[in-house]
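Trainee: Sequence first, then the predicted structure, then my questions.
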Amino acid sequence: MSGITLIGSSFGAVSAIRALRKRDARVPISVLAPKPDLIYNASLIWVPTGLRRGNALRVPLQNFFAKHNVRFVAGRARGLDNGGRSVLTEDGQTLDNDGLIIASGARYIKKPPGIEHALTICKGIEAAEAIHARLQGMSGGTIACGFAGNPSEPTAARGGPMFELLFGIETWLRRSGQRGNFRLVFFAPAAKPGERLGARAVEGLLREMQRRGIETHLGHKLVKFEERAVHTEGGSIAADLILFMPGLTGPAWAQDSGLPLSAGGFVQADAQLRVPGFAQTYVVGDAGSHAGPDWMPKQAHMADLQGTAAAANLLDELAGKAPEQTAPAELICIVDSLDGGTLVYRTEKRSLLLRARLLHPAKRWFERRYIGALRG
């Protein structure tokens with residue numbers, strides 16, 4: 001038996017491995033990823049203001065893999081062969097499998113022109129540390145912070161971290177006595193940015209910006225970036241530091257793989273996380289275009305739910321049973337601001353919005369719990 005191969009080592013893959021081992025202690029599992037680690041992306045927002053150091057968020061997975069009897073293969077996917085039963089790597093390896101779970105994440109759209117002048121925090125530790133270094137070197141000026149989406153895929157936006165980064169920087173500047181030296185501007189092509197969080201959440205976030213003296217430039221299509229300016233169809237923003245989150249698209253390796261792709265470039269999936277036309281092949285997390293409401297998030301929590309469901313369905317399919325598990329559409333996040341936070345919870349049946357100071361330590365507690373479980 002060739003066993004099960006997972007492409008990627010982030011949140012969806014980790015949850016899938018746990019679910020696989022819970023049901024089957026002996027099925028061979030292999031993970032293909034560049035490095036045997038996970039970056040705890042949710043806490044990158046704390047690196048620019050010094051609350052976290054980057055390396056503290058790099059979680060080695062060697063112990064986790066050993067505990068769950070997982071074979072790690074260093075490399076990057078290049079494509080598939082034999083209807084998904086073989087994964088081809090960039091360095092010429094071929095990994096055969098009886099079942100495949102794609103959890104390789106997404107990539108950022110390299111638009112608009114001049115995007116190299118902006119820093120994108122969710123690109124990883126180096127980007128977060130670069131923002132920290134820039135902030136430390138500033139004694140005043142304008143910081144422009146914003147995000148955009150993928151016009152062909154409404155769910156392919158990641159605005160939450162930018163709200164957190166903006167509020168965190170404002171709190172840090174205020175605490176350090178520098179707030180009066182800085183102008184903060186939030187920009188987005190959407191007139192109501194963050195709509196996936198729900199109408200009440202958007203209104204609350206915009207009110208919070210107003211309360212903190214953060215200017216907004218909304219509803220204008222981005223044209224280009226320059227070293228010290230953001231240009232939109234509705235005017236320009238002079239800026240000494242530009243922080244920007246582009247929209248997402250699917251992984252590069254999947255584009256010529258023969259996998260069915262959505263209009264936005266993501267691997268298509270049905271309600272059971274299966275890739276249409278590819279037996280025993282599933283996609284979880286940011287790499288996929290999943291069935292669900294148009295507000296369904298691309299976030300770690302959703303990837304966890306999808307990884308668990310995909311693992312159960314794959315084992316059922318390998319056993320000759322019809323896969324029936326679905327991952328419930330559930331958005332849950334704490335929009336952190338260093339001095340508190342806003343809990344946003346949304347399902348297809350209900351929504352909740354709660355602001356409290358205790359939500360900042362709650363988010364830090366969850367970070368320690370999640371990372372500790374992987375290190376253990």
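Mentor: Now that the structure is in, tell me what you want to look at.

Trainee: ok, Glu164 to Ser262 distance?
Mentor: 28 Å (CB to CB, to the nearest Å). Just so you know, the C-beta spots here come from the backbone N, C-alpha and C atoms, and that holds for glycine as well.

Trainee: Looking at these two, which is more packed in?
Mentor: Just comparing Glu164 and Ser262: by other CB atoms under 10 Å the higher neighbour count belongs to Glu164, 25 against 19.

Trainee: residues contacting that one?
Mentor: Ile45, Val335, Asp336, Ser337 (CB atoms under 8 Å, 6 or more residues apart in numbering).

Trainee: Surely the first one is in contact with Cys122?
Mentor: No. Look at Ile45 against Cys122 with CB atoms under 8 Å: they stay out of range, at 9.1 Å.

Trainee: what touches both of these two?
Mentor: Here Ile45 and Cys122 share the contacting residues Pro161, scored by CB under 8 Å, 6+ apart.

Trainee: quick one: which of these two has more around it?
Mentor: Taking other CB under 10 Å, Ile45 and Cys122 do not tie; Ile45 has more neighbours (29 against 21).

Trainee: Backbone dihedrals for that one, please?
Mentor: phi -60, psi -20 (degrees, to the nearest 10).

Trainee: which residue packs closest to it, ignoring adjacent ones?
Mentor: The shortest distance from Ile45 to any non-neighbouring residue, by CB to CB, 6 or more residues apart in numbering, is to Glu164 (4.4 Å).

Trainee: Give me the mean pLDDT for whichever strand or helix holds the one you found.
Mentor: According to DSSP states H and E, Glu164 maps onto helix 160-175. Average pLDDT, helix 160-175: 97.

Trainee: With stretch 64-83 instead?
Mentor: Stretch 64-83 shows a mean pLDDT of 97.

Trainee: residues in contact with it?
Mentor: By CB under 8 Å, 6+ apart, stretch 64-83 touches 7, 14, 17-18, 21, 25, 28-36, 61-62, 86-91, 93-96, 100, 104, 251, 253, 256-259, 278-279, 374-376.

Trainee: With just CA atoms, put it into PDB.
Mentor: Extracted C-alpha coordinates of stretch 64-83, given in PDB (Å, rounded to 0.1, in the frame of the first residue of the first chain):
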ATOM      1  CA  PHE A  64       4.600  15.900  15.700                       C
ATOM      2  CA  PHE A  65       5.500  13.800  12.700                       C
ATOM      3  CA  ALA A  66       7.300  11.200  14.800                       C
ATOM      4  CA  LYS A  67       4.300  11.000  17.300                       C
ATOM      5  CA  HIS A  68       1.900  10.400  14.400                       C
ATOM      6  CA  ASN A  69       4.300   8.100  12.400                       C
ATOM      7  CA  VAL A  70       4.500  10.500   9.400                       C
ATOM      8  CA  ARG A  71       7.200  10.400   6.800                       C
ATOM      9  CA  PHE A  72       8.400  13.800   5.900                       C
ATOM     10  CA  VAL A  73       9.700  14.500   2.300                       C
ATOM     11  CA  ALA A  74      11.500  17.800   1.700                       C
ATOM     12  CA  GLY A  75      10.400  19.300  -1.600                       C
ATOM     13  CA  ARG A  76       7.800  21.200  -3.600                       C
ATOM     14  CA  ALA A  77       5.100  19.900  -5.800                       C
ATOM     15  CA  ARG A  78       5.500  20.400  -9.500                       C
ATOM     16  CA  GLY A  79       2.400  18.500 -10.700                       C
ATOM     17  CA  LEU A  80       0.400  15.300 -10.700                       C
ATOM     18  CA  ASP A  81       0.400  12.100 -12.800                       C
ATOM     19  CA  ASN A  82      -1.800   9.000 -13.000                       C
ATOM     20  CA  GLY A  83      -5.000  10.800 -12.100                       C
END
